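Peer 1: 3D model of this:
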Amino acid sequence: MTRSSRRVVVTQRFFDAAAIAYLESAGCEVVLADLPPGEADGGLDHDTLAALLKGAQGWIVGHARVTRFLLTALPHLAVVARRGVGYERVDLQAAADLGRVVTIAAGGNDASVADQAIGMMIALGRRFREAQAQMNAGAWSILMGSDLYRKTVGVVGLGRIGRSVVQRLSGFEAEVLVATSRPDPEYAARTGVRIVDLETLLAQSAYVTLHAPLTPATRHMIDAAAMARMAPGAFLINTARGGLVCDRDLLAALEAGRLGGAGLDVFESESDPALQPVTDALIARPDVIAAPHAGASTREGLARTNMIAARCVVAVLEGQDPPAGCVVADGRPGRGARP
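Peer 2: Predicted coordinates for the structure are as follows:
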């Protein structure tokens, strides 16, 4: 592939000048999708995506669905680079079968999402939303809150973001319980965390924060039964993926007063619009701190993930290996990276 034939389409907002300059320095023609105001690429249908990506060799994508049907319609597309770390909307098997490479921006948004998770814990415990609402209404009475200091915090998932959260919790002298499918005894000994099963974590934690990938095994891992095992008044934070929590069950648990509150950056309605009324009811509650899947969206975090995605695209187009930890599917002959 000659440098002059490298067309890279970006269907994400906030793609910065430094990442564009990097791609252009590698001979790429960068095309930024003109998305309607307030819309993301997750809402683009097959025909729109196929038209945008016609003739492209690289695609830097947000939350669009990358299907076998779409990949088959784009024979020139060599690499799909997620500007993020989740990839449940990408058909990895199809990508590998069709000889494509799929990458994530590993390490780019760890700090940003971890900061948000800690911020949500503090905001919930100290009842920031409720206090400001009262002040706006003219009532300056003090609401009694809860410390994060020396509390027991349950961290579900021990990937890059989960470890970043653990690191931050050390400053609060928290007792940290971790539930993970990949225990790391050396890490536990070094950091002082306790590796436990999910049931123990739920029963003993004042705060539960989710940092697991969404897979068939983890879907609805926090449902009505799991919430019934949580300590009364505990806080649930989900900055990972909406499908990890059954949002209907969460709404019911909050309405029943079982939980102290929830911090939510992700919702099931992102992939199932029929659940939008549940999302609306959750974000209207005074005991919920909500954000529109914005955990990674800081200037610094997006600059990091933009550049990692750009480096992944250039590496693949030049026949090289992307940065360590970024490849999630590689269908190139002899590479052997299968989902």
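Peer 1: for the residue lying closest to Glu29 once chain neighbours are set aside, what are its contacts?
Peer 2: Leaving aside its sequence neighbours, Glu29 sits nearest to Arg7 (Cβ to Cβ, 6 or more residues apart in numbering; 4.9 Å). Every residue, glycine included, has its C-beta placed from N, CA and C. Applying Cβ atoms under 8 Å, 6 or more residues apart in numbering to Arg7 gives the contacts Cys28, Glu29, Val31, Gly55, Ala56, Gln57, Gly58.
Peer 1: before we move on, what about Arg100?
Peer 2: Leu71, Leu77, Ala78, Val79, Val80, Ala329, Gly331.
Peer 1: Give me the distance between it and Leu44.
Peer 2: 19 Å (Cβ to Cβ, to the nearest Å).
Peer 1: How about His76?
Peer 2: 19 Å.
Peer 1: Those two: which has the busier surroundings?
Peer 2: Leu44 (22 against 13; other Cβ atoms under 10 Å).
Peer 1: Just the pLDDT at the more buried one, thanks.
Peer 2: We have a pLDDT of 91 for Leu44.
Peer 1: now Ala274, what's its secondary structure?
Peer 2: Three-state assignment for Ala274 (DSSP: H, G, I helix; E, B strand; the rest coil): helix.
Peer 1: oh sorry, the question was meant for Ala123
Peer 2: helix.
Peer 1: can I assume it is in contact with Leu264?
Peer 2: No - between Ala123 and Leu264 there is no contact under Cβ atoms under 8 Å: 11.7 Å.
Peer 1: sorry, back to before: so which of the contacts of Arg100 comes closest to Cys246?
Peer 2: Cys246 has its nearest neighbour among those in Ala329, at 28.7 Å by Cβ to Cβ.
Peer 1: mind checking how far that closest one is from Ala78?
Peer 2: Counting by Cβ to Cβ, the gap from Ala329 to Ala78 is 12 Å.
Peer 1: repeat for Pro323
Peer 2: Taken as Cβ to Cβ, the span from Pro323 to Ala78 is 17 Å.
Peer 1: The two: which is more packed in?
Peer 2: Using other Cβ under 10 Å, the more surrounded residue of Pro323 and Ala78 is Ala78, with 21 against 16.
Peer 1: wait, doesn't the more buried one sit right on Leu317?
Peer 2: Yes - taking contacts as Cβ under 8 Å, Ala78 lies within contact range of Leu317: 6.3 Å.
Peer 1: Please identify every residue contacting each of Ala123 and Leu264.
Peer 2: Counting by Cβ under 8 Å, 6+ apart, the shared contacts of Ala123 and Leu264 are Ile289.
Peer 1: Show me the shaky parts of this structure.
Peer 2: Scanning the chain for pLDDT under 70 picks out 1-5, 336-339.
Peer 1: okay, now the domains of it?
Peer 2: As assigned by automatic domain parsing, the chain contains the domains 3-108+298-330, 110-290.
Peer 1: Assign the spatially most central residue of the chain to helix, strand or coil.
Peer 2: Nearest to the mean C-alpha position of the chain, by Cα atoms, centre = their mean, lies Ala240 at 4.4 Å. Look at Ala240: counting by three-state DSSP, its state is coil.
Peer 1: Just the terminal-to-terminal distance for stretch 63-80.
Peer 2: Length of stretch 63-80, first residue to last, Cα to Cα, to the nearest Å: 12 Å.
Peer 1: Would you mind pulling the contact partners of that stretch?
Peer 2: With Cβ under 8 Å, 6+ apart, stretch 63-80 has contacts from 1, 11, 40-42, 44, 46, 49-50, 53-59, 61, 84, 89-91, 94-95, 97-98, 100-103, 270, 312-313, 316-317.
Peer 1: show me where the stretch 151-300 of the chain has helices.
Peer 2: With helices called from DSSP state H, counting those that start in this stretch, the stretch 151-300 of the chain shows them at 160-169, 185-191, 198-204, 224-229, 247-255, 276-283, 299-317.
Peer 1: quick one: contacts for the nearest residue to Ala315 once chain neighbours are set aside?
Peer 2: Spatially, and ignoring its direct neighbours in sequence, Ala315 is nearest to Pro322 (4.4 Å; Cβ to Cβ, 6+ apart). Going by Cβ under 8 Å, 6+ apart, Pro322 touches Val101, Thr103, Arg311, Cys312, Ala315, Val316.
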